[in-house]
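K.L.:
Next one to model:
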Amino acid sequence: MGIFLHLASSVRLFILLLLVPLNTNGVIRVPVTRREAPPSREKTKLRFGTLLSKGHNAELLDLHILPLENLNNLEYLAVVGIGTPPQNLSVVMDTGSSDLWITGVGCSPCSGTARFQITSSVTESTACSGCGPPSRELDDYGSGPVYGYTFQDVFTLGSSTTTSTIKMGYVTSMGSSQQQLLDEGIFGLAFPALAQYSTPSPIKTWLDEAGLPNSYAFYMTTNAPGSQITFGGFAEELLGNTTVEYTDVIQTNLQSGTAFAYWTVAMSQFTLGATISGSGLTTIVDSGTSLIALPPNALIAVFQALIDLPAASACEATTSYFVCPRSTNLDAFPVLKVRFPSSFSPGNDTVLTLSGSEYFLPPNQGIYQMGLSSSGDSQFAILGDVLLRKYYTLFDWDNHRVGFAGAIVENSLPGGGDDNGGNNNDQVTYIAVGVVLGVIFVGILGAFVVRRMIASSNRSNAYGTVGRQDQGGYYRQQDAEG
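P.N.:
Residues are numbered from 1 along each chain as shown. Just a heads-up that it's a prediction; the model follows:
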């Protein structure tokens, strides 16, 4: 990420739907379940069915419950079939990027275990423009680059296979930190402006050919099976009686001009001990990011406000992380609150909240880690899986909105407001380093956190705290305006 988040990378978003139930119609749901769970098939219903206006018939499509790799709730994988016949690989469904790449045969050591055998697909082609060997750098992340070349082929999600071939990446090698991951590729779900090489848009092509609305919803569980991504609308049985509140997606300044790129929203305010104004921040909703990432100074302000609380008497914090022993009463910590302008109610905000037990990660060897980290950039914030696990989140491509099931509506605060006694964006007081717990923390979550959550000294790891660079949530310096 360096100084910039890559606008062709990893961030997560939501779908636009109407606020009243409409006719049930077809929807493809690609559930994400634990790897040990056996595949199953069932029917589902779509709420707000008028979104299915592309002539899809009323017969509901079968579900495909796909394997999940769940690293302490930090990584969610789904299965994509590449080529003909389909070769299945577990990939990150990433709203923070727009390209599709998978690990190829001979990629060793590389993340995951499955490898795509390109010569076994009867529909593959390396004759496309810019395709084929030799290998070159496809993407560069805070945790290191991935190398390979591009090719064209069809792919399968659920029960639907594209008829069009899509340009995608065939990875032949990667950096050492990338090798520690369990995924076997990345499937980008952001807007086409972020794509480096995947054209036409993989997800847009698949949705169009399946006759589905351009929308998808993420339902993420905590330490349990049942996580899923639903294409075409919310699954009614998961939505229940909750209301859905929306906030608009805004355009991003790219070197080539202004365009919809990330699933970027206009955060009004972030409150957790300290109050952080969202004014001037690019805030991205990213399904490929494990934590919530704040600008460095904002993170320091939050940590300092929390470390002095009675609830944190046994906790330790640095400028990068906040850890507590298992005996800590997490719900004695203040409520985390995020505000966005409401799409439908001028003068009101869509408000999301998390309790202490929701924004701390589950204990690892007796230690709780707070699910916040640094974005590595003063202008960027990322809302990752820590937030999305609580809110069934809809990404609406056509209407450029993100919807949160279960969100509440409150009056907007004056001038973007401050309900906690002042703006602390510029507070840069450093927190005492928790040496002992810091060492334990790095030992426990080291390889995982380094690659997925914590930036290198001058670049946040886009596939973790802020998604991957290029394929995971960062601007390339040449692609973003300063």
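K.L.:
Nearest residue to Leu354 in space, please, no chain neighbours.
P.N.:
Computed as CB to CB, 6 or more residues apart in numbering, the closest residue to Leu354 that is not its neighbour in sequence is Leu336, at 4.3 Å. Glycine gets a C-beta too; all of them are placed from N, C-alpha and C.
K.L.:
Now do that neighbour against Val409, distance only.
P.N.:
18 Å (CB to CB, to the nearest Å).
K.L.:
who has more neighbours, those two?
P.N.:
Per other CB atoms under 10 Å, whichever of Leu336 and Val409 has more neighbours is Leu336, with 23 against 14.
K.L.:
ok, which stretches of the chain are helices?
P.N.:
For the chain, helices defined by DSSP state H occupy the ranges 202-210, 236-239, 296-307, 356-359, 385-388, 435-452.
K.L.:
okay, now the closest residue to Phe340 other than its chain neighbours: neighbour count?
P.N.:
Leaving aside its sequence neighbours, Phe340 sits nearest to Thr247 (CB to CB, 6+ apart; 3.7 Å). Applying other CB under 10 Å, we find 26 residues neighbouring Thr247.
K.L.:
surely Thr247 meets Ser342?
P.N.:
Yes. Here Thr247 reaches Ser342: they are 6.6 Å apart, a contact under CB atoms under 8 Å.
K.L.:
List the buried residues for stretch 150-168?
P.N.:
The neighbour-count check on stretch 150-168 (16 or more other CB atoms under 10 Å) flags 150-158, 160-162, 165-168 as buried.
K.L.:
pLDDT check: weakest of the residues you listed?
P.N.:
Looking at these by pLDDT, the weakest one is Gly158, with 83.
K.L.:
Please report how far it lies from Ser412.
P.N.:
Gly158 sits 40 Å away from Ser412, going by CB to CB.
K.L.:
With Gln117 instead?
P.N.:
Relative to Ser412, Gln117 is positioned 55 Å away (CB to CB).
K.L.:
Pull the number of nearby residues for Leu413.
P.N.:
Neighbourhood size, Leu413 [other CB under 10 Å]: 14.
K.L.:
Can you give me the pLDDT of it?
P.N.:
Confidence at Leu413, expressed as pLDDT, is 83.
K.L.:
surely it meets Thr271?
P.N.:
No. Leu413 lies out of contact with Thr271 (CB under 8 Å); the separation is 10.1 Å.
K.L.:
Point out where the stretch 251-400 of the chain drops to low pLDDT.
P.N.:
Scanning the stretch 251-400 of the chain for pLDDT under 70 picks out nothing.
K.L.:
For stretch 170-182, buried residues please.
P.N.:
Across stretch 170-182, burial judged by 16+ other CB under 10 Å covers 170-175, 177-182.
K.L.:
Neighbour count for Gln117 and Ser412, which is higher?
P.N.:
Set Gln117 next to Ser412 and count neighbours by other CB under 10 Å: Ser412 wins out with 19 against 13.
K.L.:
thought Ala193 was touching Trp263?
P.N.:
No. Counting by CB under 8 Å, Ala193 stays clear of Trp263, with 12.0 Å between them.
K.L.:
Could you pull up the contacting residues of the residue nearest to Asp349 when sequence neighbours are not counted?
P.N.:
Among residues not flanking Asp349 along the chain, Arg339 sits closest, at 4.3 Å (CB to CB, 6+ apart). Residues near Arg339 by CB atoms under 8 Å, 6 or more residues apart in numbering: 267-271, 278, 349-352, 410, 412-413, 417.
K.L.:
Looking at these, spot the one nearest Glu237.
P.N.:
When the contacts of Arg339 are ranked by distance to Glu237 (CB to CB), Leu352 comes first, at 22.3 Å.
K.L.:
Can you give me the separation between that closest one and Pro145?
P.N.:
Taken as CB to CB, the span from Leu352 to Pro145 is 34 Å.
K.L.:
Tell me which of these two has more neighbours.
P.N.:
Leu352 (23 against 17).
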